[in-house]
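In: Quick one, fold the following:
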Amino acid sequence: MHRRRPSLRLVLPLVSLMFALAVLGLGLLRAAVYEPPAAAGGIQTPAPGAAVPAGQAGKCADVPVSATRQLRGMWLTTVLNIDFPSRPGLGQAQIKAEYDRWLDLAVAQHHNAIFVHVRPSGDAFWPSDYAPWSEWLTGKRDGKSPGWDPLAFMVSEAHARNLEFHAWFNPYRGTQPAPDGPGADFAKLAPGHPLLAHRDWAISYPTGKNARLYFDPGNPAARQFVEDSMLEAVRKYDIDGVHFDDFFYPYPQSGQDFPDDASYAKYGKGKSRGQWRRDNVDTLVREMNERIKQLKPWVKFGISPFGIWRNKSSDPAGSASNGLEAYDAIYADTRKWVQQGWLDYIVPQLYWNIGFAKADYAKLLPWWTSLVKGTGVQLWIGQGDYRVGEKGAWSDPAEIDRHLAMDEKYGVQGEVHYSAKQVRANRLGSVARYSRNHYSAPALVPVMKQLPAAPPSAPELTKVWRAGAARHFDARAGSGAAATSWALYRVDGAQARLVATGRTGQQVADPAPPAGTATYCLSGLDRSGNEGPISVPFTAAA
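Out: Numbers count the residues shown, from 1 in each chain. Predicted coordinates for the structure are as follows:
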């Protein structure tokens, strides 16, 4: 029904997990209420000629600074209103309030990124020249504007909380099945839907009540249009990442083959059908990477594929698994994308428990870590929070906690959790457990060396005052490149630990300071997370 469903050959049906969430507690959500930037106390631009003293590189008061580098995020799903908005057709104020509460949850979890579904099925959550407005937003399939720009708002609000915004697109899906969507009925498409004007781009699959329309991945004109429609969002908005999940060619159903005979006959050029399809997906991935970097070199590009490339029984280079293979079933050569460096990050969906016979987390994780080694492609793991509470291994609330411990052992650089509603639900206390053990302090995003780097010079802490339980600081920027964000460190024994982060312009504050005197240092970071020199130490009296 939606993007995260694993193969039925691997996991239990997920239907029961999409419901019964209305009574879930909000305590975790409100654990750390976001406060907008104060009128004073942000990093101020130095006066002309004013010198900002430089501190020690990597040190605060002669002790090393210590900050975890780890991407932490969750998927916020809009299709079928799984996570957000809570139902279609809500007013602007309510949609904004709901979104802000999701960001509050991210802040409470010490996340530093959010992945928002902005093109679920050939539609858009922004005023697009290439796609109709999403019915999951407007509540109507008439293509009419809601009168505001949700994507601009969502990016701005994420940045105000120092969260990266990764715009999540489904490239080739054109519709959702009936009755929730138009299915394969052209008469039910929104006016102006591109598949009305280009029916030769459209393929219906599968047959029957679950039919939907796809943009044909084998048609070069359709692929170009799909790329252009996504790149429009890159051009128009200050997003931090372009994100795909595992939907390219559809998962096989009921033994039916995807009916792309016409494009294969025209463009196949003697290749086997499978290799031709893989080449089509490869072209999309390669071209998107190239075109994103031409537009905005700092925007990250990543994909969250199905967790098995190929099984070792099919290919000696495959994993010790025995499940559906992305390479053969959906024509996604995920291994090649990493080896060719067409991605900045990859987030395999390892939604299986440790010890699961067909797809053991403990065996798949080292396969993926070995794949990315030396490539420059970062490995983040997709965690299946939605599975917590199922019978068997998933009835243990410590399952994902063990996953994260294993991720740390293997040097994984991040996790993304599916989905936001499940993170809020905290089923069996699972989220609280892994957050306490692995996300208890803020983290900086891991640096990608292939992205532009312009680390700012050292800032300076100039004043401190109490505001409620927190210590607030005035700060002054150094000369040179402007910082995108800041990191605040507090000396704790033999280390200066990261205690808070924020966007430039946001109040510098330690939210939970000790009762007595404490020493602090501040640093600035550029758009890609590269950290500049540390400020001179500043002592805050009790």
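In: This structure: helices as residue ranges?
Out: Applying DSSP state H to the chain gives helices spanning 92-108, 135-138, 150-160, 194-197, 220-236, 261-267, 273-295, 326-329, 334-339, 361-372, 399-409, 420-425, 430-438.
In: Using CSV, please lay out those helices together with mean neighbour count, mean pLDDT and distance to Y214.
Out: C-beta here means a position set from N, CA and C on the backbone, and glycine is covered the same way. Converted to CSV, the helices of the chain look like this (neighbours: other C-beta atoms under 10 Å; pLDDT from 0 to 100; distance: least, C-beta to C-beta, whole Å):
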stretch, mean neighbour count, mean pLDDT, distance to Y214
helix 92-108, 17, 98, 28
helix 135-138, 24, 98, 18
helix 150-160, 20, 98, 24
helix 194-197, 15, 97, 9
helix 220-236, 18, 98, 9
helix 261-267, 14, 98, 11
helix 273-295, 18, 98, 12
helix 326-329, 20, 98, 16
helix 334-339, 20, 98, 20
helix 361-372, 19, 98, 28
helix 399-409, 19, 98, 33
helix 420-425, 24, 98, 26
helix 430-438, 19, 98, 35
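In: With distance to L461 as extra columns, can I get those helices in JSON lines?
Out: As requested, the helices of the chain are exported to JSON lines (distance: least, C-beta to C-beta, whole Å):
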{"stretch": "helix 92-108", "distance to L461": "23"}
{"stretch": "helix 135-138", "distance to L461": "43"}
{"stretch": "helix 150-160", "distance to L461": "22"}
{"stretch": "helix 194-197", "distance to L461": "53"}
{"stretch": "helix 220-236", "distance to L461": "36"}
{"stretch": "helix 261-267", "distance to L461": "61"}
{"stretch": "helix 273-295", "distance to L461": "36"}
{"stretch": "helix 326-329", "distance to L461": "50"}
{"stretch": "helix 334-339", "distance to L461": "42"}
{"stretch": "helix 361-372", "distance to L461": "38"}
{"stretch": "helix 399-409", "distance to L461": "32"}
{"stretch": "helix 420-425", "distance to L461": "34"}
{"stretch": "helix 430-438", "distance to L461": "29"}
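In: Which among those is found nearest to P179?
Out: Closest to P179 of the helices of the chain is helix 135-138 (C-beta to C-beta; 12.4 Å).
In: For the residue positioned nearest the centre of the chain, give me its contacts.
Out: Of all residues in the chain, the one closest to the mean position by C-alpha atoms, centre = their mean is F115, 3.3 Å from it. Applying C-beta atoms under 8 Å, 6 or more residues apart in numbering, we find F115 in contact with G73, M74, W75, L76, H166, W168, G241, H243, V416.
In: Next one, pLDDT for it please.
Out: F115 carries a pLDDT value of 99.
In: Ok, G27 next?
Out: At G27, the model reports a pLDDT of 31.
In: Pull out the buried residues from stretch 473-490.
Out: 473-478, 481-490 (16 or more other C-beta atoms under 10 Å).
In: no no, stretch 246-256
Out: D246, F247, F248, Y249, P250, Y251, P252.
In: if we can go back for a sec, between the contacts of F115, which is closest to G192?
Out: Looking across the contacts of F115 and measuring by C-beta to C-beta, the closest to G192 is W168, at 22.8 Å.
In: show me what contacts the closest one?
Out: So W168 contacts W75, F115, V116, H117, V118, R119, H243, F244, D245 (C-beta under 8 Å, 6+ apart).
In: of all the helices of the chain, which lies closest to S528?
Out: Nearest of the helices of the chain to S528, taken as C-beta to C-beta: helix 273-295 at 12.7 Å.
In: same for that closest one, what does it pack against?
Out: Packing contacts for helix 273-295, counted by 3 or more C-beta pairs under 8 Å, 6 or more residues apart in numbering; DSSP states H and E, involve helix 220-236, helix 261-267, strand 300-303, helix 334-339.
In: run the last query once more with 10 Å
Out: If contacts are counted by 3 or more C-beta pairs under 10 Å, 6 or more residues apart in numbering; DSSP states H and E, helix 273-295 sits against helix 220-236, strand 241-244, helix 261-267, strand 300-303, helix 326-329, helix 334-339.
In: Just put these in CSV and tack on distance to K188.
Out: Converted to CSV, those look like this (distance: least, C-beta to C-beta, whole Å):
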stretch, distance to K188
helix 220-236, 20
strand 241-244, 26
helix 261-267, 23
strand 300-303, 30
helix 326-329, 29
helix 334-339, 34
